[in-house]
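Asks: Got a sequence here, can you model it:
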Amino acid sequence: MNKTLFERGSVGNMNIHVLPTNRFKTFAVSLYAGIPLDSKTVTSTALTPFVLRRGTSSYPETLQFREQLEHLYGAGFGFDVYKRGNYQIVQFRMDTINDSFVHSEAPLLAQTFRFLGEVVTRPALEEGVFRESYVAAERENVRKKLEAIINDKIRYAAERCIEEMFQGDPYRLHPLGERSDLDRITASLLFEAYQNWLQEARLDLYVVGDTTLAEVQELVSSSFALKRAAAHSYVHEQVEPVIQEVRAVSEQLDVNQGKLNLGLRTPITYGDNRYASALLYSGILGSYPHSKLFINVREKESLAYYAASRYDGHKGLLTIQSGIEIANYEKALQIIQAQLSDMRSGVISELEMSQTKAMLRNSLLEMKDSAFEMIAYDFNRVLSGKDRPVDELLSQVERVTPEDVVQAAQTFELDTIYFLTGKKEG
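Replies: So this is what the prediction gives:
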């Protein structure tokens, strides 16, 4: 996978990325719409795709909408709302079978684009705005999703650690928004927010399949009713962590098992030349079953039900999550910090290096077997401004030395310790 595989173009200030290939039996289509995370728009932006998937101008009833997907030989349609760095991303996906495998009256890729274009730019309306019944139903849907986070204490602790760590930073916001904002969002307010979002979002449309850039550009022109005033770009945040002192936050809820989460900052992001070293650092520390956190905190000491780390290369963030007996807080924290200290001191075995490189190699190679994984990987280039082909990253991973990992480890600074504990009796 090299720099020339995806062909690039644009239509109506929408960026087009096409990978012509006959390797797959389907067309994979992804549309990414990204805007800066902002407390004023985060909830309305999150709610928008939920309402858009209810109906279009041609298929205003949700049943009609779903039946049309069946007419496209069971085409897959879905969306996600998430954050990357300080951006809120709405991603629409469609998966449609290649015409050569079925007998279709009209080209299925053209029908797919017509459908997706309607979903995004010609939604079902009443009296010139979104249908109130759809908005009301999806408000409750989003509310339930946000409430589900509170009920899932692993997710809740992870989100609360981020909130505490990034006070005053847009990254503190959850991509699904705020429950307190939902009730004020009416059909007319949401439609106005949707129109602004369609104008302001950075749009990147990806297609992988047996097609060409010219064909996709023509289909976008005929399928998307876009009148965008300008092309937008992602601004790449310069991460320079400044940590005065480690913050320790404890929160009491009705839980039997404690959740101990740590947040660390690093200047190493996706565009940094040390990115591969940071991947090895996180892998050895806590991404895999052979990692230090899993072996030393969970297996040897039996202090945690789970213990793992996750590195976010778009924010310069590493989080550690663990579930522990509440009484084991001090000991668990001590042993987790000992693993961080060992990484900084170079206590890294050849086996840890080789196993972690093998795991990273497998995940990167497996990605080439999935059109949507290839799309997601290339989208990192758009977000970061750094073109990093898979084969290049593979060779960088192979060249990482233990000394490189130690140098990376020394950039990861502990910022926040968050502990979700039980309520004290009496």
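Asks: Spatially nearest residue to residue 181, not counting backbone neighbours?
Replies: residue 43 (3.9 Å; Cβ to Cβ, 6 or more residues apart in numbering). From N, CA and C alone the C-beta is placed, and that goes for glycine too.
Asks: Surely residue 410 is in contact with residue 344?
Replies: Yes: Residue 410 lies in contact with residue 344 (Cβ atoms under 8 Å); the separation is 5.4 Å.
Asks: Which parts of the stretch 101-250 of the chain are strands?
Replies: 125-126, 129-130, 202-209, 247-253 (DSSP state E, counting those that start in this stretch).
Asks: The nearest residue to residue 297 once chain neighbours are set aside: which element?
Replies: Once flanking residues are discounted, residue 297 sits nearest to residue 307: 4.2 Å by Cβ to Cβ, 6+ apart. Following DSSP states H and E, one finds residue 307 within strand 304-312.
Asks: what packs against that strand?
Replies: In terms of contacts (3 or more Cβ pairs under 8 Å, 6 or more residues apart in numbering; DSSP states H and E), strand 304-312 is packed against helix 275-282, strand 317-325.
Asks: Of these, flag the one that's most buried.
Replies: Among the helices and strands packed on strand 304-312, ranked by average contacts under mean count of other Cβ atoms under 10 Å, first place goes to helix 275-282 (a mean of 26).
Asks: Moving C-terminal from it, which element do we reach first?
Replies: Toward the C-terminus from helix 275-282 - assigned by DSSP H and E - lies helix 292.
Asks: Can you tell me how far the residue nearest to residue 399 when sequence neighbours are not counted is from residue 364?
Replies: Sequence neighbours aside, residue 276 is the residue nearest to residue 399 in space, at 7.6 Å (criterion: Cβ to Cβ, 6+ apart). Applying Cβ to Cβ, to the nearest Å, the value for residue 276 to residue 364 is 11 Å.
Asks: for residue 143, same thing?
Replies: With Cβ to Cβ as the criterion, residue 143 and residue 364 are 38 Å apart.
Asks: Check residue 380 too.
Replies: In terms of Cβ to Cβ, residue 380 sits 12 Å off from residue 364.
Asks: any idea how far residue 326 lies from residue 250?
Replies: For residue 326, the distance to residue 250 - Cβ to Cβ - is 11 Å.
Asks: Compare the two and say which one has the larger neighbour count.
Replies: Ranked by neighbour count (other Cβ atoms under 10 Å), residue 326 and residue 250 place residue 326 first, with 15 against 11.
Asks: So what's the predicted local confidence for the closest residue to that one other than its chain neighbours?
Replies: Among residues not flanking residue 326 along the chain, residue 258 sits closest, at 4.2 Å (Cβ to Cβ, 6+ apart). With respect to pLDDT, residue 258 scores 93.
Asks: now swap in residue 310 and tell me
Replies: 96.
Asks: residues near it, how many?
Replies: 13.
Asks: partners of it in the sheet?
Replies: Counting by DSSP bridges, residue 310 is bridged to residue 319.
Asks: by contact count, what packs against the helix ranked longest in the chain?
Replies: In the chain, ranked by residue count with DSSP state H as the criterion, the top helix is helix 132-151. Other helices and strands packing on helix 132-151, by 3+ Cβ pairs under 8 Å, 6+ apart, are helix 42-52, helix 153-165, helix 179-182, helix 187-200.
Asks: between it and helix 42-52, how many degrees?
Replies: 120 degrees (axes from the mean of the first three to the mean of the last three Cα atoms, to 10 degrees).
Asks: how far does helix 132-151 sit from the chain's center?
Replies: On the basis of Cα atoms, centre = their mean, to the nearest Å, helix 132-151 sits 20 Å off its chain's mean C-alpha point.
Asks: try stretch 360-375
Replies: With Cα atoms, centre = their mean, you get 16 Å for stretch 360-375.
Asks: Then stretch 66-84?
Replies: 18 Å.
Asks: ditto for stretch 248-258
Replies: 27 Å.
Asks: end-to-end on it?
Replies: 15 Å (Cα to Cα, to the nearest Å).
Asks: how about that stretch: buried residues?
Replies: Neighbour-count burial for stretch 248-258 flags 255, 258 (criterion: 16 or more other Cβ atoms under 10 Å).
Asks: Ok, stretch 297-304 next?
Replies: Quick answer for stretch 297-304 (16+ other Cβ under 10 Å): 297, 298, 303, 304.
Asks: In terms of pLDDT, where does the last one sit?
Replies: If you check residue 304, the pLDDT there is 76.
Asks: Quick check, it in contact with residue 286.
Replies: No: between residue 304 and residue 286 no contact is recorded; they are 10.8 Å apart, counting by Cβ under 8 Å.
Asks: which neighbours do those two share?
Replies: residue 293 (Cβ atoms under 8 Å, 6 or more residues apart in numbering).
Asks: surely residue 382 meets residue 204?
Replies: Yes: the criterion here is Cβ under 8 Å, and residue 382 meets it with residue 204 at 5.5 Å.
Asks: higher neighbour count, these two?
Replies: A side-by-side neighbour count of residue 382 and residue 204, using other Cβ under 10 Å, places residue 204 first with 24 against 19.
Asks: So the more buried one versus residue 14, what's the distance?
Replies: Taking Cβ to Cβ, one finds residue 204 at 8 Å from residue 14.
Asks: give the contact list for the residue nearest to residue 339 when sequence neighbours are not counted.
Replies: Using Cβ to Cβ, 6+ apart and skipping residues adjacent in sequence, the residue nearest residue 339 is residue 292, 4.4 Å away. Listed by Cβ under 8 Å, 6+ apart, the contact set of residue 292 reads 284, 285, 286, 339, 342, 343, 352.
Asks: Considering those residues, which possesses the most neighbours?
Replies: Of the contacts of residue 292, with other Cβ under 10 Å as the count, residue 285 tops at 29 neighbours.
Asks: Chain neighbours aside, what residue packs nearest to that residue?
Replies: residue 309 (4.9 Å).
Asks: The one you found contacts residue 284, correct?
Replies: No: contact between residue 309 and residue 284 fails when scored by Cβ under 8 Å: they sit 9.4 Å apart.
Asks: re the thing from before, tabulate the helices and strands packed on helix 132-151 (TSV), appending distance to residue 224.
Replies: Formatted as TSV, these follow (distance: least, Cβ to Cβ, whole Å):
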stretch	distance to residue 224
helix 42-52	13
helix 153-165	34
helix 179-182	29
helix 187-200	10
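Asks: Tell me which of these is the most buried.
Replies: Counting by mean count of other Cβ under 10 Å, the most buried of the helices and strands packed on helix 132-151 turns out to be helix 42-52, with a mean of 24.
Asks: how many other residues sit next to residue 238?
Replies: 8.
Asks: contacts for the longest helix of the chain?
Replies: Contacts for helix 132-151 (Cβ under 8 Å, 6+ apart): 43, 46-47, 50-51, 54-55, 124, 126, 155-156, 159, 174, 176-179, 182-183, 185-187, 190.
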